[in-house]
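> when you get a sec, could you give me coordinates for this:
(one chain, ligands or ions: 2)
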Amino acid sequence: MAPTATDRHGPPAAGRWRPLAGETLTPSGVPSATVAAVSGLTAATAGPEEPLVLARGLVKRFGDFEAVRGIDVEVRRGEAFGFLGPNGAGKTSTMRMIAAVSTVTGGTLRVLGMDPATDGPAIRGRLGVCPQDDTLDSELTVRENLLVYGRFFGLSRAECARRADELLGFVQLTDKVNARVEELSGGLKRRLTIARSLVNEPELLMLDEPTTGLDPQARHLVWDRLFRLKQRGTTLLLTTHYMDEAEQLCDRLVVIDDGVIVAEGSPATLIREHSTREVCELRFEVDDHEQVAAKVSDLAERVEVLPDRVLLYADNGEAVAQAVHERGLSPRGTLVRRSSLEDVFLRLTGRSLVE
Ligand SMILES: Nc1ncnc2c1ncn2[C@@H]1O[C@H](COP(=O)(O)OP(=O)(O)OP(=O)(O)O)[C@@H](O)[C@H]1O
Ligand SMILES: [Mg+2]
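Ligands and ions are numbered 1, 2, ... in the order given. Predicted coordinates:
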């Protein structure tokens, strides 16, 4: 399928996060205005010091239900910023408002120095978006997906071809250029979606769960590529369920739960503020964990009982492990480790995010 000039009006929304039923992208714009705005020719921009995303009291309601309940977010140029939270926390709802494909219900939002309500096309033209759900064109080949997408941004055929080849190399899909998308595995599709999101050389790359469903090797490849993009100056905004991903990639993050932000900071700061330096994990017979917790609670600053283990929070985990043994308790397994974001999450929400 050859892209035509008319391809330019629909997207960048088409093939990305699509508007929900009942929502419209504003302004709809006449083709020439859209193309100019998408090219960034007439668009305003965030100054060097201005955050690329600035949300104050941001709200998203679906009917009576409030999915995002007044959050403040500030994403600075050049950083990697994360939304970490469980299913239904409101991450995608927030990302969609920032990507200017879902209307803001309340509060204020500026993206790249512009208002999504009035500058949607200009914003969308300068964002890269990797949505949570696969929106690739499964009838087309890998390379054609990038070529068609590039045309949406008003790029010449030659430029589309050049970027497609470079990006397919970047995500290591060069040997699949002529494969049809429907033949690709989930992980390969994810890599192609990431390549596609980079076609317009975005200032701000938004990734909604970039590595969900990937095998460990593919996850590391994606992390490596995102890290390189960041080094080149691309600002990253991502959502994840994975603590290790947040710790590896994010300079700063917010922990979001039930539509509100429950903590904010760098991974190291969050751990320092909301957990102890170390954790001693004890595994006994499953039914014994509550009883054990009662016997050792004085040894730690905090005790958590999970279905399969007891967590004792203390700055010196080895000392706690030894004290447990001195009380005549013999766990099946003992592990002393540094506190992680998982511990922060458990502390703040009372729930474990481990899947
Ligand atoms: N179009 C919609 N209409 C009604 N409710 C919605 C809609 N989209 C999302 N919701 C609800 O809003 C809440 C937040 O959903 P959202 O998709 O933002 O969560 P999330 O943090 O991205 O979760 P996940 O980790 O599962 O992707 C959920 O309760 C969800 O059911
Ligand atoms: Mg989501």
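> in the stretch 51-200 of the chain, which spans are helices?
Along the stretch 51-200 of the chain, counting by DSSP state H, counting those that start in this stretch, helices occupy 91-98, 120-126, 142-152, 157-170, 186-197.
> okay, the ones you listed, which one's buried deepest?
Compared across these, helix 120-126 shows the largest average neighbour count, a mean of 26 (mean count of other Cβ atoms under 10 Å). C-betas here are computed from N, CA, C, even on glycine.
> which one, of the helices of the stretch 51-200 of the chain, ends up nearest to Val262?
Nearest to Val262 among the helices of the stretch 51-200 of the chain is helix 91-98 (13.1 Å), distances taken as Cβ to Cβ.
> for the closest one, which helices and strands make contact with it?
When contacts are defined as 3 or more Cβ pairs under 8 Å, 6 or more residues apart in numbering; DSSP states H and E, helix 91-98 sits against strand 53-62, strand 65-75, strand 80-84, strand 106-111, strand 204-208, strand 235-240.
> got the ones you listed as CSV, with distance to ligand 2 and mean pLDDT columns?
Converted to CSV, the helices and strands packed on helix 91-98 look like this (distance: least, Cβ to the ion, whole Å; pLDDT from 0 to 100):
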stretch, distance to ligand 2, mean pLDDT
strand 53-62, 12, 98
strand 65-75, 10, 98
strand 80-84, 9, 96
strand 106-111, 18, 98
strand 204-208, 6, 97
strand 235-240, 6, 97
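> among those, which is nearest Ala293?
Closest of the helices and strands packed on helix 91-98 to Ala293 is strand 80-84, at 26.7 Å (criterion: Cβ to Cβ).
> strand partners of that closest one, parallel vs antiparallel please.
strand 235-240 (parallel), strand 252-257 (parallel) (DSSP bridges).
> and the last one, which residues are buried?
This points to strand 252-257. Across strand 252-257, burial judged by 16 or more other Cβ atoms under 10 Å covers 252-257.
> okay, angle between the next helix or strand after that strand and strand 252-257 too, please.
Using DSSP states H and E, the helix or strand that follows strand 252-257 towards the C-terminus is strand 260-265. Angle of strand 260-265 versus strand 252-257, following axes from the mean of the first three to the mean of the last three Cα atoms, to 10 degrees, is 150 degrees.
> got the CA positions of strand 260-265 in PDB?
In PDB, the C-alpha atoms belonging to strand 260-265 read as follows (Å, rounded to 0.1, in the frame of the first residue of the first chain):
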ATOM      1  CA  VAL A 260      -3.100   9.300  42.700                       C
ATOM      2  CA  ILE A 261       0.600   9.800  43.200                       C
ATOM      3  CA  VAL A 262       1.800   8.200  46.400                       C
ATOM      4  CA  ALA A 263       5.500   8.900  46.100                       C
ATOM      5  CA  GLU A 264       7.900  10.700  43.800                       C
ATOM      6  CA  GLY A 265      11.700  10.900  43.400                       C
END
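> that one - contacts with which helices or strands?
Strand 260-265 sits against strand 65-75, strand 252-257, helix 267-274, helix 341-349, with contacts defined as 3+ Cβ pairs under 8 Å, 6+ apart.
> wait, which of these is closest to ligand 1?
With Cβ to the nearest ligand atom, the closest approach to ligand 1 among those belongs to strand 65-75: 3.3 Å.
> quick one: residues contacting Thr92.
Thr92 makes contact with 132, 208, 239, according to Cβ atoms under 8 Å, 6 or more residues apart in numbering.
> tell me the pLDDT at it?
At Thr92, the model reports a pLDDT of 97.
> equivalent analysis for Gly47, please.
pLDDT, read off for Gly47, is 73.
> residues of stretch 328-338 that come out buried?
For stretch 328-338, the neighbour count (16+ other Cβ under 10 Å) marks 329, 331, 334, 336 as buried.
> how about those in TSV, adding pLDDT?
Conversion of the buried residues of stretch 328-338 to TSV gives the following (pLDDT from 0 to 100):
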residue	pLDDT
Leu329	93
Pro331	94
Thr334	96
Val336	98
